[in-house]
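**Q** Turn this into a model:
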Amino acid sequence: MKETVLFVLIGYFAGGILFARVFCTLFGKREAYKNGDDRNPGAANAFRYGGFFCGLLTLIFDVAKAFLPVFLYCRLFPEPDGWGLPLVMAAPILGHVFPVFYRFHGGKGISATFGSLTGLLPYAWPLFWLCASFLFLSLFVRISPHFYRTLAAYLLTLPAMMISGVSVAVWSGFLLMATAVCIRLFLSREEKKKPEVKLLWMR
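**A** Have a look, this model is predicted:
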């Protein structure tokens, strides 16, 4: 129990380091990410307004800060059905979305979600379903703007995990992550434009 609490705290505080802010500052473009419509301190705005290397480093570190706690926890305490795993999985995303360092105003947590699920490898199905959902909604049934596509991808991934037999501990962890991400999306400052849905053959 103490070990689980420790990993949850490590994950939360690691998640609370917003690397878009860090690298935009290091590259001499302090708070450049705020030029985006959503003012989100994430990899997309770091790429767009901070430059390629700023965005690349932001992406790598945002993924890594969620990957490492989950990966190490699974190796040290292999309890796939325990209550600890969902909390450890969700902690970095909660830290990124609601960071105590920045008065609980963080990013959307998408890169961190991929990092957390990557930490479960070689158990690959959870990561597969999230990737598959984003690809399906980007290539075959394109939902725009990105705000709605992200919501749909998370909402599609959860039942896919449940139906395909992903362990209760893992999909429970994803449920916590999806809840945090969806709350953050609804709190985003970006304009909520009318959603559009286009099928592949309608382009």
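
**Q** Could you look up the SS state of residue 142?
**A** strand (DSSP: H, G, I helix; E, B strand; the rest coil).

**Q** Pull up the gap between it and residue 153, please.
**A** Relative to residue 153, residue 142 is positioned 12 Å away (C-beta to C-beta, to the nearest Å). Placement of C-beta: from N, CA and C, glycine included.

**Q** Ok, residue 101 next?
**A** Distance, residue 101 to residue 153, by C-beta to C-beta: 28 Å.

**Q** So these two - more neighbours on which side?
**A** residue 153 (25 against 13; other C-beta atoms under 10 Å).

**Q** From what I see, that one and residue 134 are in contact.
**A** Yes - applying C-beta atoms under 8 Å, one finds residue 153 in contact with residue 134, separated by 4.8 Å.

**Q** Please save the CA atoms from the strand or helix carrying residue 134 in PDB.
**A** For residue 134, the element it lies in under DSSP states H and E is helix 125-139. Provided in PDB are the C-alpha atoms of helix 125-139 (Å, rounded to 0.1, in the frame of the first residue of the first chain):
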ATOM      1  CA  TRP A 125      -4.100  -4.100 -26.300                       C
ATOM      2  CA  PRO A 126      -4.900  -0.900 -24.300                       C
ATOM      3  CA  LEU A 127      -2.500   1.200 -26.300                       C
ATOM      4  CA  PHE A 128      -3.700  -0.500 -29.500                       C
ATOM      5  CA  TRP A 129      -7.300   0.500 -28.900                       C
ATOM      6  CA  LEU A 130      -6.400   4.100 -28.200                       C
ATOM      7  CA  CYS A 131      -4.300   4.400 -31.300                       C
ATOM      8  CA  ALA A 132      -6.900   2.600 -33.400                       C
ATOM      9  CA  SER A 133      -9.700   4.900 -32.200                       C
ATOM     10  CA  PHE A 134      -7.700   8.100 -33.100                       C
ATOM     11  CA  LEU A 135      -6.700   6.600 -36.500                       C
ATOM     12  CA  PHE A 136     -10.300   5.500 -37.300                       C
ATOM     13  CA  LEU A 137     -11.600   9.000 -36.400                       C
ATOM     14  CA  SER A 138      -8.900  10.700 -38.400                       C
ATOM     15  CA  LEU A 139      -8.800   8.600 -41.600                       C
END
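
**Q** helices and strands around that helix, which ones?
**A** Judged by 3 or more C-beta pairs under 8 Å, 6 or more residues apart in numbering; DSSP states H and E, helix 125-139 is in contact with helix 110-118, helix 146-163, helix 168-187.

**Q** so where's the chain shaky on pLDDT?
**A** Low-confidence segments of the chain (pLDDT under 70): 31-38, 79-81, 190-192, 200-203.

**Q** can you tell me how far the residue lying closest to residue 171 once chain neighbours are set aside sits from residue 146?
**A** Nearest non-adjacent residue to residue 171, counting by C-beta to C-beta, 6 or more residues apart in numbering: residue 161, 4.3 Å away. Residue 161 sits 22 Å away from residue 146, going by C-beta to C-beta.
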